[in-house]
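Engineer: got a predicted structure here, sequence first:
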2 protein chains.
Amino acid sequence: MHILLVEDDLQLGSAIQRALERLAYTVTWLRDGQSAIAGLADGSADLVLLDLGLPRRDGLEVLREARRQKVATPVIVMTARDSVEARVSGLDAGADDYLVKPFHLDELAARIRSVTRRHHGVAANRLEVGTISMDLATAEVSYRGERLELTRREFALLQALMERAGHIVRREALENSIYGLDTVVGRGALEVLMHSLRRKLGADAVQTVRGFGYMMPREPA
Amino acid sequence: MHILLVEDDLQLGSAIQRALERLAYTVTWLRDGQSAIAGLADGSADLVLLDLGLPRRDGLEVLREARRQKVATPVIVMTARDSVEARVSGLDAGADDYLVKPFHLDELAARIRSVTRRHHGVAANRLEVGTISMDLATAEVSYRGERLELTRREFALLQALMERAGHIVRREALENSIYGLDTVVGRGALEVLMHSLRRKLGADAVQTVRGFGYMMPREPA
DNA sequence: GGTCGTTAAGCTTTTTCGAAGCTTCGTGCG
DNA sequence: CGCACGAAGCTTCGAAAAAGCTTAACGACC
């Protein structure tokens, strides 16, 4: 899951980034409104965390612009301004949820889960495919009832596959989910990662679709 | 739909122009940054394809200048420089999307569709012709309700035919779609590919138009 | 000092392409 | 009209290339 964080405060930005990465989210951190619009237009983000007080372009403006361009990515707006007015105009501009600074990281995590759940339509605090089950709140994964230890990247990869179980997920989509926009890795990285994931889940938990990407079968083969 | 192509390389420029014209776009080809700014300001283009390495004015400069003048026309930036830096500065300067050279004609066509869709708000990642259906996002193809396994090239060929279903698609256009602008293959390759595609879809899914190319009938024969 | 994540390298599998011979189509000529 | 011939397309086969798998090794970060 790829989160676009738009926040100009360096200290707060890096704190949020690290916190989210510990929760196995992939975070791309942008510092101003201009890049935010570009990053949003790219369409690879699953969720945007948007600070309203930004340099170069106001956060609200970013949001309106994105919605005008029919970008449907869910947006959670963050602001220090604790006023009804700001809240209303944020939601009016197309935000999906709202956080008043300062906030607790737990609360942020809860909102993220709630917003993405709403967007996927179905309850999604827990992903289940076959005998694999993933708890997004605690980042715990179990396989045949046994608790499984996954690394951050393995978790991100598995989540991306489980969210679209039964469908082919293209290589590039996986790379975006796992590495975000700013990291460039060679094509081997995903393969090594897939290898180690398969070692933990069994070789046929994930099918290779040569030339395109991978697929996790909805029912075990 | 009117596309402004800004590219100084004569060979590449004319190849792109011809390719796009075959896709029924109207193309104006400009060769330097100075004219590009003028052409953009004119406002008649629906989309701009901008090469970053230009004589007389750098492509980035063109882009910034245009945005400064509030020209809202969507811009897809093309560059040989495969670096995060170039990508970010391109998007920062106001590009809507990004292509790294060398690219495939198909990819270009996809980006054009994606960008214009974003601007007009219409979605279209599913192609359907007769009982064949293709999902461009997941690379899944079904034929009479059954899922079909295609290779990369078969998929590209089928996509090119389905996009122009009901029309004759010239050999050359197909070769460009499948192999890109720079790769040269012998004339036999397409025939071999067509053969394997027909083996999967049935012999009469695609009609041969002797001397010109192939056509996929809009309604099954 | 250990875990994690990446690149590099060698190996396996699948795809792709060219070559060669065969078939079909269209045309021109007897 | 019918036949012969050349060009375009079809089919098969095998070698080369590409994609993916696996292991090893190194650096970064705890």
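Structural biologist: Structure's in. What do you need? Quantities reported herein were computed from a predicted structural model and do not represent experimental measurements. Residues are numbered from 1 along each chain as shown, chains lettered A, B, ... in the order given.

Engineer: tell me the contacts of A:Glu65?
Structural biologist: In this structure, A:Glu65 makes contact with A:Ile37, judged by Cβ atoms under 8 Å, 6 or more residues apart in numbering or on different chains. Yep, even glycine has a C-beta here, placed from its N, CA and C like the rest.

Engineer: check the one 10 residues further on too.
Structural biologist: By Cβ under 8 Å, 6+ apart, the residues touching A:Val75 are A:Leu47, A:Val48, A:Leu49, A:Leu50, A:Leu63, A:Ala66, A:Gly94, A:Ala95, A:Asp96.

Engineer: where does chain A dip in pLDDT?
Structural biologist: Applying pLDDT under 70 to chain A flags the ranges A:55-57, A:81-88, A:90, A:118-124, A:220-221.

Engineer: up against chain B, what does it have?
Structural biologist: Proximity of chain A to chain B (Cβ under 8 Å from any Cβ of the partner chain) is limited to residues A:34-35, A:38-39, A:41-43, A:69-71, A:164, A:167-170, A:182, A:184, A:209-213.

Engineer: show me which of these are buried.
Structural biologist: By neighbour count, with 16 or more other Cβ atoms under 10 Å in any protein chain shown, those hold A:34-35, A:38-39, A:41-42, A:69, A:71, A:164, A:167-170, A:209, A:212-213 as buried.

Engineer: farthest-separated two in those?
Structural biologist: Based on Cβ to Cβ, the longest span within those runs between A:Gln34 and A:Val209 and measures 37.2 Å.

Engineer: for chain B, state which of the buried ones among the residues of chain A next to chain B is nearest.
Structural biologist: Nearest to chain B, judged by Cβ to the nearest Cβ, of these is A:Ala38 at 3.4 Å.

Engineer: which residues in chain A form strands?
Structural biologist: Along chain A, the segments classed as strands by DSSP state E run A:2-6, A:26-30, A:47-51, A:75-79, A:97-100, A:126-129, A:132-135, A:140-143, A:146-148, A:168-170, A:207-209, A:213-215.

Engineer: can you put the ones you listed in a markdown table and add distance to DNA strand D?
Structural biologist: What follows is those, written out as a markdown table (distance: least, Cβ to the nearest atom of the strand, whole Å):
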| stretch | distance to DNA strand D |
| --- | --- |
| strand A:2-6 | 17 |
| strand A:26-30 | 14 |
| strand A:47-51 | 21 |
| strand A:75-79 | 24 |
| strand A:97-100 | 25 |
| strand A:126-129 | 18 |
| strand A:132-135 | 18 |
| strand A:140-143 | 17 |
| strand A:146-148 | 18 |
| strand A:168-170 | 10 |
| strand A:207-209 | 4 |
| strand A:213-215 | 7 |
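
Engineer: quick one: which of those strands is nearest B:Arg198?
Structural biologist: strand A:207-209 (21.8 Å).

Engineer: within its sheet, name the partner strands of the closest one and how each one runs.
Structural biologist: Strands adjacent to strand A:207-209 in the sheet, as given by DSSP bridges, are strand A:213-215 (antiparallel).

Engineer: I'd say A:Leu181 and A:Ala41 touch.
Structural biologist: No - if you go by Cβ atoms under 8 Å, A:Leu181 and A:Ala41 don't touch, sitting 11.6 Å apart.
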